[in-house]
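Undergrad: A predicted structure for the sequence below; I have some questions about it.
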Amino acid sequence: PFSFDYLPPKLVGRDKELSHLASKFSNISQAGSSSRVMLTGMVGTGKTAISRRFVIDVKKKLWDKRNIISVHVNCRTHNTTSQVLNQIVTSLDQGHPDRGLSSGELLLSIRKMIRNANCHMIVILDEANHVLRKDGNTLFYQLLRIDEDKDGQGTLSLILISQEDLTSYFEPAVLSRFGRTNQIRLNPYTEKQLKEIIVQRAEIGLKSGSVSNEIFDMISSSASKRGD
């Protein structure tokens, strides 16, 4: 419960944002449909957590309507088009060769595996600004147009995570497909919300009564200066 990567069963103070995200993806229950959204906000506002929580919830909700799979790629670590595509391919098939294939060939492999599995993939690109600065618009253009000139639609949905709004860096062709309004901004947590998060983690990970309320107040007050 005290790990940076821990995902609690309920996210404190993010019900509104989760509902907003769900509304952006309301059409993916239908075959042939896909969605895209960008989550922006300062460090520590829960962008990664909300995307992971949403994917878990949507898989459960749509299990009888559509087979949803997902992959999370850290673009700070994998900051080129080929590296990101290789991560997506590997998530679908760990035995897939990871060298010597062009981006176009990797895209064809991704689409073929998704279609053969009769599923819909949600790709989460965390810290997407790194691949955008390193490799330009290529990755986003290719993923957004993965179904172009092919039979069938709705192969892949996209969630981009970044501290800043990336749409001003998109080429017109990418912006047209992604959409100007598909952005959800997460505000820093308030002191009250930070305390609720701390109490939640303490209840899960510590013996009851081992930490006083004054300690919770002290931590949340200190953290509220940054909202992280």
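TA: Happy to help now that I have it.
Undergrad: switch to C-alpha atoms for all contacts and neighbour counts from now on
TA: Will do.
Undergrad: Checking my notes, Ile69 in a strand, right?
TA: Yes. Counting by DSSP: H, G, I helix; E, B strand; the rest coil, Ile69 is part of a strand.
Undergrad: so it makes contact with Cys119?
TA: Yes. If you go by Cα atoms under 8 Å, Ile69 and Cys119 touch, sitting 6.8 Å apart.
Undergrad: Where do the helices of the chain begin and end?
TA: Assigned helices in the chain, in chain order: 15-24, 47-61, 81-92, 103-116, 129-135, 138-144, 172-178, 191-205, 213-223 (criterion: DSSP state H).
Undergrad: neighbours around the residue nearest to Leu144 when sequence neighbours are not counted, how many?
TA: Closest residue to Leu144 apart from its sequence neighbours, by Cα to Cα, 6 or more residues apart in numbering: Arg177 at 6.7 Å. Arg177: 13 surrounding residues under other Cα atoms under 10 Å.
Undergrad: So, low pLDDT: which residues of this protein?
TA: Scanning the chain for pLDDT under 70 picks out the ranges 98-99, 149-152.
Undergrad: Grab the most central residue of it for me.
TA: Geometric centre of the chain, nearest residue: Ile124, 3.6 Å, by Cα atoms, centre = their mean.
Undergrad: and that residue, what is it in contact with?
TA: Going by Cα atoms under 8 Å, 6 or more residues apart in numbering, Ile124 touches Ser51, Ser70, Val71, His72, Val73, Leu158, Ile159, Leu160, Ile161.
Undergrad: Just grab the bridge partners of it for me.
TA: Beta-bridge partners for Ile124, by DSSP bridges, are His72, Ile159.
Undergrad: Against Thr48, how distant is it?
TA: For Ile124, the distance to Thr48 equals 9 Å [Cα to Cα, to the nearest Å].
Undergrad: shared neighbours, those two?
TA: Joint contacts of Ile124 and Thr48 (Cα under 8 Å, 6+ apart) are Ile161.
Undergrad: ok, now how distant is the residue nearest to the centre of the chain from Ala173?
TA: 21 Å.
Undergrad: Next: His72.
TA: From His72 to Ala173 the distance is 24 Å (Cα to Cα).
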